[in-house]
Structures are given as structure tokens and as C-alpha cells.
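A.B. asks: coordinates for the following, if possible.
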Amino acid sequence: MSSPLIIALTGAPGAGKDSAATVLVNRMAFMTIAFADALRREICATWRIDERMLTNRATKELAVPALAIGNCGDPAFTRWAYDGAMSLHTPRSARWVMQHWGDFQRRYKPSYYADIVTHWMERYAAQGFTRFAVTDLRYPIELEALRRVSPSDRLHVVRIHRQQTARLPDETAGHNSERAATALPANFHVSNDDTLASLAADMLALPPLQGLQPLGTGETA
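C.D. replies: You can find the predicted model right below:
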């Protein structure tokens, strides 16, 4: 069985990574996967919230009382936050919770989420899935994990650029996940001018996709 083809998308929040991944799903039969998938599942179970609170672009940056640390069902996280002098009652945004819950879970094992997601990918690959669009590559350790799944000629990092992206609040803009993403090396660059047709054309013109057809039309890898 050949290694899966992986297109790993990186870029600033709001650059259009999810839109670019949708093009690959709809036009080239890719499966989307994110390093934040496992993180979101944990947060939803621990705070007892609907996942849409963490994925809705319009409200992701809004601080809400439901996401205050004091509403977390994990006493270890509450203690960790308290020891870090974080307020337990201040409303928090979805992005803030995801950033800090991620820090908490990775505090002893930096590859915690990278290992979970690459395990999922290997399991899907064993079931016959051969194309993955990773929507949120941020950390070097995530890139290294992807390299263990596919060799360099089957793994391609694509940075999505957009001229105007929403400015993150100060409390989340300085997080190490936002800084790390800007330093990742990219194989290809795609500009998002807010025209879906143009973004789709640029994504489909990427060299790794040339010669491929949607699965089910004779292409199997």
C-alpha cells in the first residue's frame, strides 16, 4: 500500500484554510482532518458544550461565560489554571480555551495531539483512504509527525495568504501556536482574494495534484 498523499494547510486565522480544504474534498475526494479535532472533542466533553461553539467563525473570538475556567469539569485543568494565576470566572473565547487546554494537555508530552491524529490517519489509510487535507498545521512537531506518515514526495505544506484577516484579540494573538505557524516552511503558497473560484483554481493547480483525478474515476492513489 502506498503512503497517503497529504496536503497540510497553514496560515493566519481566517486566511481560508478550511475553504481551501473544501476544494480538495469536493473536487479531488480528499478527507479533511485537523490536529484540533481531538482537542475539540475533549473540550466539548469537559465543558459539556456543543462543538459549534468552538467552530463557528462568527463567535469563535467572543468571550462567553459558558467557557469560563470554573465551568471546566476537569479539576486538574482548573488547578493548573489556578496555579498559573488565571481567573476562574472570567468569560473566555473558544480560541482562548483551545489554546490553553492544548497547552495543558501537551505540558508533559508535546506530541500529544500529533500522535493522536497521525494514528487516526494511519488507521484511515489502512482502510483505503489515500488523500488527506490537514486544515490546521501549526507546530513543527506536527509536521514531523506527518513526515512519519508519508515521505517528502507525498507530503506538501501549503501556506494560504489573505490580504485582510481579522485581527485576533491580544489575549490570543500572542499565543505560541499563532507564532509557530508563521515560521513553518511551506512547499507552495496560495493567495486567497476572497473569490472562491480563484481559490479553487489555485488549489487545483498545485503541482502535487497534477495528473490526479477524483477517486472513483480510475485514480486510486
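
A.B. asks: where do the helices sit along the protein?
C.D. replies: 17-28, 36-47, 52-55, 75-83, 94-105, 112-126, 140-149, 170-173, 176-183, 196-204 (DSSP state H).

A.B. asks: identify, out of those, the most deeply packed stretch.
C.D. replies: helix 94-105 (a mean of 21; mean count of other C-beta atoms under 10 Å). The C-beta positions use only the backbone N, C-alpha and C, and glycine is treated the same way.

A.B. asks: just the pLDDT for the nearest residue to residue 105 once chain neighbours are set aside.
C.D. replies: Once flanking residues are discounted, residue 105 sits nearest to residue 112: 5.2 Å by C-beta to C-beta, 6 or more residues apart in numbering. Residue 112 is assigned a predicted lDDT (pLDDT) of 97.

A.B. asks: Throw the helices of the chain into a markdown table and include distance to residue 163, thanks.
C.D. replies: Output for those, formatted as a markdown table (distance: least, C-beta to C-beta, whole Å):
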| stretch | distance to residue 163 |
| --- | --- |
| helix 17-28 | 15 |
| helix 36-47 | 25 |
| helix 52-55 | 24 |
| helix 75-83 | 36 |
| helix 94-105 | 22 |
| helix 112-126 | 30 |
| helix 140-149 | 26 |
| helix 170-173 | 18 |
| helix 176-183 | 16 |
| helix 196-204 | 13 |
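
A.B. asks: from the centroid of the protein, which residue is nearest?
C.D. replies: By C-alpha atoms, centre = their mean, the chain has its centre lying nearest to residue 136, at 2.3 Å.

A.B. asks: contact partners for the nearest residue to residue 206 once chain neighbours are set aside?
C.D. replies: Excluding the flanking residues, the one nearest residue 206 by C-beta to C-beta, 6+ apart is residue 188, at 5.6 Å. Residue 188 makes contacts with 156, 157, 158, 159, 206, 207, as judged by C-beta atoms under 8 Å, 6 or more residues apart in numbering.

A.B. asks: residue 111: what's it in contact with?
C.D. replies: 141, 145.

A.B. asks: buried ones in the strand ranked longest in the chain?
C.D. replies: Using DSSP state E to define each element, the chain has its longest strand at strand 155-162. The neighbour-count check on strand 155-162 (16 or more other C-beta atoms under 10 Å) flags 155, 156, 157, 158, 159, 160, 162 as buried.

A.B. asks: ok, and the closest non-adjacent residue to residue 81?
C.D. replies: residue 69 (4.8 Å).

A.B. asks: one more: residue 117?
C.D. replies: residue 35 (5.2 Å).

A.B. asks: and the one you found, how far from residue 141?
C.D. replies: 10 Å (C-beta to C-beta, to the nearest Å).

A.B. asks: okay, and the common contacts of the two?
C.D. replies: residue 114.
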